[in-house]
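Visitor: Structural data only, the sequence is not supplied:
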């Protein structure tokens, strides 16, 4: 067989090998994201069960990626998960929005979308005195956020000049997301006086971390928080066209 005869075969084999590599990388990414979503779900189950005064070692068991090697008063641990381990943000920040957003949407249609969890706590005398969690998820159009915290008492920054009993017990409000793409999130602060339903309002929908999800608005990310807002007579602009 001459070199000229082998040329088409080499080209076909090369194209086939490249295609196989692309498919393997794609399947591997979907698998890695599924594993990350499963781990995040278990971690959230445990974090949502923690209460003020629990042992700091409990936090270490809940978040095995983080170790309490130094019992500092402010302890912070970031847990990255999903495609790109959130490094996509640094790359897309250098790309014009008109190009980066279509790329993000295209990847999401393929089941590859970035999400992020961050956990930090105040530890004092070996006990949890304050616990924060931040979750960011990319929807088909915007970023969606869930931010909740446990406190011994309601921080002053959440108390208005004329607070209601609901607000001093459990705060639910909004915050803006300025990363790519921008968006909005729900912020929740609970205290030992919060009701069981208000504590459940922090529960993040685990399906929002999964590939090919339909988590496109805040009421999909934090459905229990929306129901508490409804009970208080408040509405959320990003849910079913209602106005706040």
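Guide: Yep, it's here. Worth saying up front: this structure is predicted, and the values here are computed from it rather than measured. Numbers count the residues shown, from 1 in each chain.

Visitor: Which helix runs longest in the chain?
Guide: For the chain, the longest helix by residue count, based on DSSP state H, is helix 3-49.

Visitor: Give me the helices and strands touching that one, please.
Guide: Other elements packing on helix 3-49 under the criterion 3 or more C-beta pairs under 8 Å, 6 or more residues apart in numbering; DSSP states H and E are helix 56-62, strand 74-82, strand 114-124, strand 127-138. C-beta here means a position set from N, CA and C on the backbone, and glycine is covered the same way.

Visitor: pLDDT on it, on average?
Guide: Mean per-residue pLDDT for helix 3-49: 84.

Visitor: Could you do stretch 102-114 as well?
Guide: Mean predicted lDDT for stretch 102-114 stands at 79.

Visitor: tell me which residues in that stretch are buried?
Guide: Within stretch 102-114, the residues that count as buried by 16 or more other C-beta atoms under 10 Å are 104, 107, 108, 111, 112, 113, 114.

Visitor: Now the fourth one: phi and psi?
Guide: Here the main-chain torsion angles of residue 111 (degrees, to the nearest 10) amount to phi 90, psi 10.

Visitor: any idea what sits nearest it, other than its immediate chain neighbours?
Guide: residue 211 (3.4 Å; C-beta to C-beta, 6 or more residues apart in numbering).

Visitor: Same question for the first one.
Guide: Beyond its immediate neighbours in the sequence, the residue positioned closest to residue 104 (C-beta to C-beta, 6+ apart) is residue 138, lying 6.3 Å away.

Visitor: Thought residue 181 was touching the one you found, still the case?
Guide: Yes. Using C-beta atoms under 8 Å, residue 138 is in contact with residue 181, at 7.2 Å.

Visitor: Have a look at those two and say which one is more surrounded.
Guide: Set residue 138 next to residue 181 and count neighbours by other C-beta atoms under 10 Å: residue 138 wins out with 26 against 18.
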